[in-house]
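1. quick one, what's the 3D model for this:
(one chain, ligands or ions: 2)
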Amino acid sequence: MSMGTFRCSLCGRRVKVQSQIDMPIFDPGTGFAVCRNCIKELNKIIDEDEQKKLKKSHGSFTDELGNLLEKNKPHVIKAYLDEFIIKQERAKKILSVAAYNHYKRMKYDLENDGGNDEIDKSNVIILGPTGCGKTAMLSHLSKLLDIPFAVTDASSLTEAGFVGADVEVAVRNLYYAAGQNIEKTEHGIIYLDEFDKIARKSGENNSITADPGHEGVQQGLLKMLEGSVVEFTARGQRKHPEAPTIKVDTKNILFIVGGAFVGIDKIVAKRIRKGEASLGFGVDVPAKEDDDEKFNELIHQVRPEDLMKYGIIPEIIGRLPVICTLETLDEHSLLRILTEPRNAPVKQYEKLLAMDNVQLEFEEAALIAVAKKAIERKTGARSLKGIIEDVMLDVMFEIPKSNEPRKIIVTEECVTEGATPKIVPIENSDGENVDGVSLEKDVV
Ligand SMILES: Nc1ncnc2c1ncn2[C@@H]1O[C@H](COP(=O)(O)OP(=O)(O)OP(=O)(O)O)[C@@H](O)[C@H]1O
Ligand SMILES: [Mg+2]
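-> Residues are numbered from 1 along each chain as shown. Ligands and ions are numbered 1, 2, ... in the order given. Reported below is the predicted structural model:
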């Protein structure tokens, strides 16, 4: 617009226009104009209105819960977990139902304040071999749920008096996850990871070398599981008698505990063999220790008494009514984990390389080789990322040296023999005889 003095069509004031921003709306045809001041005022009114609406929609905690309940039905939660976690169908179902029921309990509790007939909590214990998705599943669940959720590593907890964190730390973590809101903290979910590491030393599993008061830790956790008022100091506050404390009632907090419980399958097998012997059946169940199928069969049969044998005190087991078991992942599952989940390693590399104008192609045989290697390492899906990282390291280093659009082809040999992936210019990549040029010749 031309410079000069113009009249604002809203406030009627004459405005000296030195740049377009002095009269942001101006229609030369009709002369309709709105000055900068009027726009500012309008913005303010709109902002205030939106804030009001936002407050209304946030409403009370009860209203909020109503919304959450509607939004987070078990099948919705499971569908979300399906996007990230391969297999473990039963575990995904159990967790989805547990989370949904937790919302329900909270709503019931808040609507029937002071009533005596409460719905019982269903704390969950998750067992499964290393790298099968326990921690991953819970961390994805926590991202979805709009209720505070905190993960605490149980192996870092020690009995009061020992060097380490007291059990209250688990509640304190939740308090901070809840934005220091006590009401929300009291309705949150605590996940205690590596729970098997606090098994009693006298349990049948003797792999633990140090026992920094594990039984004491279990007793402390028991109090929390039963529902008690836990007191803790704010983060960074040293614990001393005069320090102000925060009090949280754990009665309505849902506890999920999880761990690998290495060796629990043997305890189950022993129990089953004994049972069969006492019934007069043949006792020849050969202990095929490396057999994944056998393991999967056994792990699903874990009973409270097996956990007791493992070294968890009976009172705690009694407070964990839902036993959720995860399976060892087979080659086919590992193959799927490489490419299917939303955050699959191959997808992540594709995205990274796309930023350098590079396409990535993993040959099927290469993916199978990665899965096979992971199986050899016996750490479930955990080693997949590391194996792929090894294969991709040189490529990731060399690629950014040029901006040429290229394509990388990872073959089986890259995984099995450490061969360097082929890099081909993109123009040739759809031709029939792609002549891969080796990394060194092409790029260095
Ligand atoms: N079922 C699965 N689906 C998809 N990804 C998985 C699955 N299981 C494991 N992973 C991947 O492997 C990695 C390691 O898994 P996770 O940390 O969940 O193991 P874990 O079961 O907690 O083992 P540990 O007992 O050793 O703690 C995760 O980061 C995840 O990406
Ligand atoms: Mg874990």
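
2. okay, the residue in the stretch 151-300 of the chain that ligand 2 sits nearest to: pLDDT?
-> When you check the stretch 151-300 of the chain against ligand 2 by CB to the ion, the closest residue turns out to be D193, at 5.4 Å. In this view, the C-beta of every residue, glycine as well, is placed from N, C-alpha and C. The confidence metric pLDDT takes the value 93 at D193.

3. so which elements touch the helix or strand hosting Q348?
-> Q348 is part of helix 345-354 when elements are defined by DSSP states H and E. Secondary-structure packing of helix 345-354 (3 or more CB pairs under 8 Å, 6 or more residues apart in numbering; DSSP states H and E): helix 331-339, strand 358-362, helix 382-398.

4. near ligand 1, which residues of this protein show up?
-> Contact residues (CB under 6 Å from any ligand atom) of the chain with ligand 1: 85-88, 128, 130-136, 260, 329, 337, 341, 380-382.

5. N112: neighbour count?
-> For N112, the tally of surrounding residues (other CB atoms under 10 Å) stands at 12.

6. hang on, L192 in a strand?
-> Yes: counting by DSSP: H, G, I helix; E, B strand; the rest coil, L192 is part of a strand.

7. residues contacting the residue of the stretch 151-300 of the chain closest to ligand 2?
-> With contact set as CB atoms under 8 Å, 6 or more residues apart in numbering, D193 has these partners: K134, T135, L138, V151, T152, D153, A154, G258, G259.

8. what about these, which one has the most neighbours?
-> Highest neighbour count within these, by other CB under 10 Å: K134, with 27 neighbours.

9. tell me the pLDDT of that one.
-> 94.

10. thought it was touching V257?
-> No: contact status for K134 versus V257: not in contact, 10.2 Å apart, counting by CB atoms under 8 Å.

11. what sits in contact with each of the two?
-> When contacts are counted by CB under 8 Å, 6+ apart, K134 and V257 have I126 as shared neighbours.

12. ok, A91 - how many residues close by?
-> By the other CB under 10 Å criterion, the neighbourhood of A91 contains 24 residues.

13. only the buried residues of the helix or strand containing it, if you could.
-> For A91, the enclosing helix or strand under DSSP H and E is helix 89-111. Applying a neighbour-count criterion of 16 or more other CB atoms under 10 Å, one finds 91-103, 105-107, 109 buried in helix 89-111.

14. picking that back up, now, which of the contacts of D193 lie within strands?
-> Among the contacts of D193, the members found in strands (DSSP state E) are V151, T152, D153, G258, G259.

15. ignoring the adjacent residues along the chain, who's closest to the fourth one?
-> Right, G258. Nearest in space to G258, with sequence neighbours left out and distances taken as CB to CB, 6 or more residues apart in numbering, is I126 at 3.6 Å.

16. quick check, the one you found in a helix?
-> No: under the criterion used here (three-state DSSP), I126 is strand, not part of a helix.

17. I'd say A136 and Q88 touch.
-> No: assessed by CB under 8 Å, A136 is found out of contact with Q88, at 9.7 Å.

18. between these two, which is the more surrounded one?
-> Remark: of A136 and Q88, Q88 carries more neighbours, 25 against 19, as counted by other CB under 10 Å.
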